[in-house]
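[1] Just need the structure, nothing else, for what follows:
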Amino acid sequence: MPVIDASVYVTMLDTNDPGQADCKAWFTATATADEPVIAPSLILSEVAAAISRSRNDAQLAKTVARALETSAIVRLVAVTPHLAKRAAMIAADQYVRGADAIYLALAQQLDDVLVTLDRQQLLRGAAVVKTRQP
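    Next comes the predicted model:
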């Protein structure tokens with residue numbers, strides 16, 4: 001059950017992003033294989049913020065977040081105190097942003113891969129879990 005970072009989901013929706021095709025292909029292949037995609041519930045606010053800021057469209061951001069929340073493919077996992085503590089240690093040890101550490105901690109907890117486009121997560125997170133691009 002791979003963990004998906006918000007960067008992949010946002011890119012998948014952006015027709016102007018050159019990485020869109022790769023993100024869509026990975027997401028579709030994963031969904032077709034009936035492999036659930038996991039994300040911390042934090043992804044909702046991260047995706048909404050990215051869409052709202054880039055498109056200057058709060059309504060679209062809310063619509064996308066609701067669609068993600070009810071997705072049959074993406075399974076959301078709550079950010080529990082245990083996960084937050086694990087993420088705090090990862091953030092401190094690997095010098096990554098706090099939200100990025102949540103994704104890494106979840107992948108570590110599930111003993112699975114983090115799929116991301118974030119260069120810092122890819123490089124620094126590799127010390128904690130397997131990381132890859134779509």
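[2] C-alpha from now on. contacts and neighbour counts both.
    Fine.
[3] Can you tell me which helix or strand of the chain has the lowest average pLDDT?
    Across the helices and strands of the chain, mean confidence by mean pLDDT, DSSP states H and E is lowest for helix 20-32: a mean of 91.
[4] So which bits of it are buried?
    20, 21, 23, 24, 26, 27, 30 (16 or more other Cα atoms under 10 Å).
[5] can you check stretch 2-15 too?
    Under the neighbour-count criterion of 16+ other Cα under 10 Å, stretch 2-15 has 2, 3, 4, 5, 6, 7, 8, 9, 10, 11, 12 buried.
[6] my hunch is that the last one is in a helix, does that hold up?
    The one in question is residue 12. Yes. Judged by DSSP: H, G, I helix; E, B strand; the rest coil, residue 12 forms part of a helix.
[7] can I have the least confident helix or strand of the chain written out in CSV, keeping just the CAs?
    Coordinates of each C-alpha in helix 20-32 appear next as CSV, following Å, rounded to 0.1, in the frame of the first residue of the first chain:
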residue,chain,number,x,y,z
GLN,A,20,0.9,15.1,-15.1
ALA,A,21,1.1,12.1,-17.5
ASP,A,22,3.5,10.2,-15.2
CYS,A,23,1.4,10.9,-12.1
LYS,A,24,-1.8,9.8,-13.9
ALA,A,25,-0.3,6.7,-15.3
TRP,A,26,1.1,5.6,-11.9
PHE,A,27,-2.2,6.4,-10.1
THR,A,28,-4.2,4.5,-12.8
ALA,A,29,-1.9,1.5,-12.7
THR,A,30,-2.1,1.4,-8.9
ALA,A,31,-5.9,1.7,-8.9
THR,A,32,-6.2,-0.9,-11.7
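[8] re the thing from before, just the closest of the buried residues of stretch 2-15 to residue 67, please.
    The nearest member of the buried residues of stretch 2-15 to residue 67, counting by Cα to Cα, is residue 9 at 11.7 Å.
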